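Participant: From the sequence below, what's the structure:
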Amino acid sequence: MQKFLLHTCCAPCGIVVIDELRQKYNLTVFFYNPNIYPEEEYLKRKAEVVKLCIEWGVPMVDNDYENDKWQKDVADGLETEPEGGLRCPLCFKMRLAQAAEYAAKNGFEIYGTTITSGRNKLAAIINPIGQSFAKYYKIKFYSEDWKKGGRQEKSNQMVAERGIYRQNYCGCKYSRRLKIED
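Facilitator: Numbers count the residues shown, from 1 in each chain. The predicted structure is shown next:
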């Protein structure tokens, strides 16, 4: 089986993807999400991913929480952008670059991300970013819109059945602020 590194943003976005891919690949989950704010929220989301990985016997790589780096690299000057605005592609690039580099350095043939599972996350933006890093690192990127094919409904069901924590905002403090203001 081919080695597959799956960048996972959270358990609700990852549950169906992990379940599907673990059947076909030698799967490892990669948790790198410096965008998540505050740190307590980051730890909640990570704990849910850890539980899934343990339940299914899927190895997990826990990368560093670098919110200060994210703030400097991604949000500086883009604080007022809405979710889905100019800040988001920079955030995708930061996380996918880290995943692709890790995959290439550790013998993974394919990498992908669960970000396209997100209701407001466009595969048409995310997948080309993943492809560009795959080309640079000479590995493959698994392009998929994980919302399609009944997966979103299945995810909702699996999350409810397991009592998995479901957040109400994308992750960064700016998307959180917008949800609080709603």
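Participant: And for residue 9, the neighbour number?
Facilitator: 26 (other Cβ atoms under 10 Å). For glycine as for every other residue, the C-beta is placed from the backbone atoms N, C-alpha and C.
Participant: residues contacting it?
Facilitator: Each residue near residue 9 by Cβ atoms under 8 Å, 6 or more residues apart in numbering is listed here: 33, 45, 95, 113-115, 117-118, 171.
Participant: got any ranges where this protein has weak pLDDT?
Facilitator: Low-confidence segments of the chain, defined by pLDDT under 70: 178-182.
Participant: Within the helices and strands, which one has residue 167?
Facilitator: Element membership for residue 167, per DSSP states H and E: none, as it lies in no helix or strand.
Participant: Counting neighbours, which of the contacts of residue 9 comes out on top?
Facilitator: Per-residue neighbour counts (other Cβ under 10 Å) across those peak at residue 113, which has 31 neighbours.
Participant: do you know how far that one is from residue 163?
Facilitator: 25 Å (Cβ to Cβ, to the nearest Å).
Participant: Could you do residue 42 as well?
Facilitator: From residue 42 to residue 163 the distance is 20 Å (Cβ to Cβ).
Participant: Please report phi then psi for residue 24.
Facilitator: phi -110, psi -20 (degrees, to the nearest 10).
Participant: contacting residues for it?
Facilitator: Contacts of residue 24 by Cβ under 8 Å, 6+ apart are residue 1.
Participant: Likewise for the one 3 residues further on?
Facilitator: With contact taken as Cβ under 8 Å, 6+ apart, residue 27 is in contact with 4, 6, 18, 21, 58-59.
Participant: Likewise for residue 58?
Facilitator: Here residue 58 is in contact with 18, 22, 27-29, 52 (Cβ under 8 Å, 6+ apart).
Participant: Of the residues you listed, just the buried ones, PyMOL syntax please.
Facilitator: Buried members of the contacts of residue 58 can be picked out in PyMOL with the line below, counting by 16 or more other Cβ atoms under 10 Å:
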select buried, resi 18+22+27+28+29+52
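Participant: Now for the contacts of residue 58: which two are most distant?
Facilitator: Greatest spatial distance in the contacts of residue 58: 28 and 52, 13.0 Å, computed using Cβ to Cβ.
Participant: about what we covered before: any chance of the contacts of residue 58 in JSON lines, with distance to residue 140 and secondary structure too?
Facilitator: As requested, these are exported to JSON lines (distance: Cβ to Cβ, whole Å; DSSP: H, G, I helix; E, B strand; the rest coil):
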{"residue": "18", "distance to residue 140": "18", "secondary structure": "helix"}
{"residue": "22", "distance to residue 140": "18", "secondary structure": "coil"}
{"residue": "27", "distance to residue 140": "14", "secondary structure": "strand"}
{"residue": "28", "distance to residue 140": "15", "secondary structure": "strand"}
{"residue": "29", "distance to residue 140": "17", "secondary structure": "strand"}
{"residue": "52", "distance to residue 140": "24", "secondary structure": "helix"}
